[in-house]
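> Give me coordinates for this.
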Amino acid sequence: MNIFKTLEEVYECYGENTIVPITSLKQIIFYTSHKIQPKWICESANNEGHICCYFHKGETKKLYLEWQKRRPGTESGL
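The predicted structure follows:
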């Protein structure tokens with residue numbers, strides 16, 4: 001069931017400043033594997049054929065810090 005019909009409706013509900021687009025598939029999987037679900041999913045406007053998931057900043061705050069430590073390409077995320 002879709003709660004929202006457009007991204008604009010998501011922004012109206014949560015506020016545009018509290019929604020963050022994520023296009024890194026590894027980061028999307030990291031968030032969803034920790035039970036954080038995106039508020040909106042669509043094709044990336046910048047990368048045709050790529051997914052873009054919009055997450056609520058408040059829900060991802062703690063996980064984002066953990067992602068920063070673990071993400072590929074960083075010293076701690078080798």
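> Please report phi then psi for Ile19.
Backbone torsions for Ile19, taken as degrees, to the nearest 10, come to phi -110, psi 130.
> Could you list every helix and strand in contact with the host helix or strand of Glu66?
Using DSSP states H and E, Glu66 sits within helix 57-70. The criterion is 3 or more CB pairs under 8 Å, 6 or more residues apart in numbering; DSSP states H and E, and the helices and strands that helix 57-70 contacts are strand 19-22, helix 25-33. No exception for glycine: its C-beta is placed from N, CA and C like everyone else's.
> Figure out which of the ones you listed is closest to Ala45.
Using CB to CB as the criterion, the shortest distance between Ala45 and the helices and strands packed on helix 57-70 is 8.7 Å, found for strand 19-22.
> outside of the closest one, which residues touch it?
10-11, 28, 31, 38-40, 52-57, 60 (CB atoms under 8 Å, 6 or more residues apart in numbering).
> With stretch 2-12 instead?
Residues outside stretch 2-12 that contact it (CB under 8 Å, 6+ apart) are Cys13, Ile19, Lys39, Trp40, Cys42, Tyr54.
> The residues you listed, buried ones only, as a ChimeraX selection?
Paste this into ChimeraX to select the buried members of the contacts of stretch 2-12, with burial taken from 16 or more other CB atoms under 10 Å:
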select :19,39,40,54
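> Need the max-distance pair from the contacts of stretch 2-12.
Cys13 and Cys42 (16.1 Å).
> ok, back up a step: could the contacts of stretch 2-12 go into JSON lines alongside secondary structure, pLDDT and distance to Glu48?
Listed next are the contacts of stretch 2-12 as JSON lines, based on DSSP: H, G, I helix; E, B strand; the rest coil; pLDDT from 0 to 100; distance: CB to CB, whole Å:
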{"residue": "Cys13", "secondary structure": "helix", "pLDDT": "95", "distance to Glu48": "28"}
{"residue": "Ile19", "secondary structure": "strand", "pLDDT": "98", "distance to Glu48": "22"}
{"residue": "Lys39", "secondary structure": "coil", "pLDDT": "97", "distance to Glu48": "22"}
{"residue": "Trp40", "secondary structure": "strand", "pLDDT": "96", "distance to Glu48": "18"}
{"residue": "Cys42", "secondary structure": "strand", "pLDDT": "95", "distance to Glu48": "12"}
{"residue": "Tyr54", "secondary structure": "strand", "pLDDT": "98", "distance to Glu48": "18"}
